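[1] Predicted coordinates and the sequence they were generated for:
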Amino acid sequence: MSEDPVVIHTDGGCRPNPGPGGWGAVLRQRGHVREMCGGEPDTSNNRMELTAPIMALEALTRPVVVHLYTDSTYVRNGITKWVLGWERNGWMTAAKQPVKNVDLWQRLQLACAPHQVEWFWVRGHSGVVDNELADQLATRGLRESLEARAIPI
């Protein structure tokens, strides 16, 4: 596994929530940059926040060290603190309720498995360049998703 980390910044969002949404990711390693985005016409903010790191990690072609930055405490806490307990409890919360977005949590676990992922939280809209770029990409993904659904007259 390469010790030269892939640095990933991710973001996702909806307008309104729930509603049309988009996700964005910026991947950097040794001067190489890859920008990714996408969207869905009917989703939630949390689903888009989860989709961004999934898509970024699934795009990696070999096991690597990853420094993954998200402005979502839901995603960071979920994958670093809660997910193993949810899995152990049959994907139920401590309150005995089904875990929301279980399909994406399971997919994120699989996407992380080949890599050594270290998770970081960054405050959104605080001037962190790649977080701001990920936000712009998420907005582009949302817009392109809506344009793809436009019905010609």
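    The structure has been received and is ready for your questions. For clarity, every value in this text was computed on a predicted model and none was experimentally measured.
[2] Next, give phi and psi for the nearest residue to W121 once chain neighbours are set aside.
    Ranked by CB to CB, 6 or more residues apart in numbering and with sequence neighbours excluded, the top spatial neighbour of W121 is R76, at 4.9 Å. All C-beta spots, glycine's among them, are computed from the backbone N, C-alpha and C. With angles defined as degrees, to the nearest 10, R76 sits at phi -60, psi -50.
[3] quick one: D11 is in a strand?
    Yes - checked against DSSP: H, G, I helix; E, B strand; the rest coil, D11 lies within a strand.
[4] all strands in the protein, in order from the N-terminus.
    In the chain, the strands defined using DSSP state E lie at 2-14, 19-29, 32-43, 64-70, 116-121.
[5] so which of the ones you listed is the most packed in?
    strand 19-29 (a mean of 24; mean count of other CB atoms under 10 Å).
[6] In the top helix by length along the chain, which residues are buried?
    In the chain, with assignment by DSSP state H, the single longest helix is helix 129-149. For helix 129-149, burial by neighbour count (16 or more other CB atoms under 10 Å) applies to 130-142, 145.
[7] before we move on, back to that, residue contacts, the residue nearest to W121?
    T70, W119, F120, W121 (CB atoms under 8 Å, 6 or more residues apart in numbering).
[8] go on, L60?
    Taking CB under 8 Å, 6+ apart as the test, what L60 contacts is V6, L27, V66, P114, H115.
[9] R15 now?
    Neighbours of R15 in contact, by CB under 8 Å, 6+ apart: G21, L142.
[10] next one: E35
    E35 neighbours (CB under 8 Å, 6+ apart): G24, A25, V26, L27, L133, L137.
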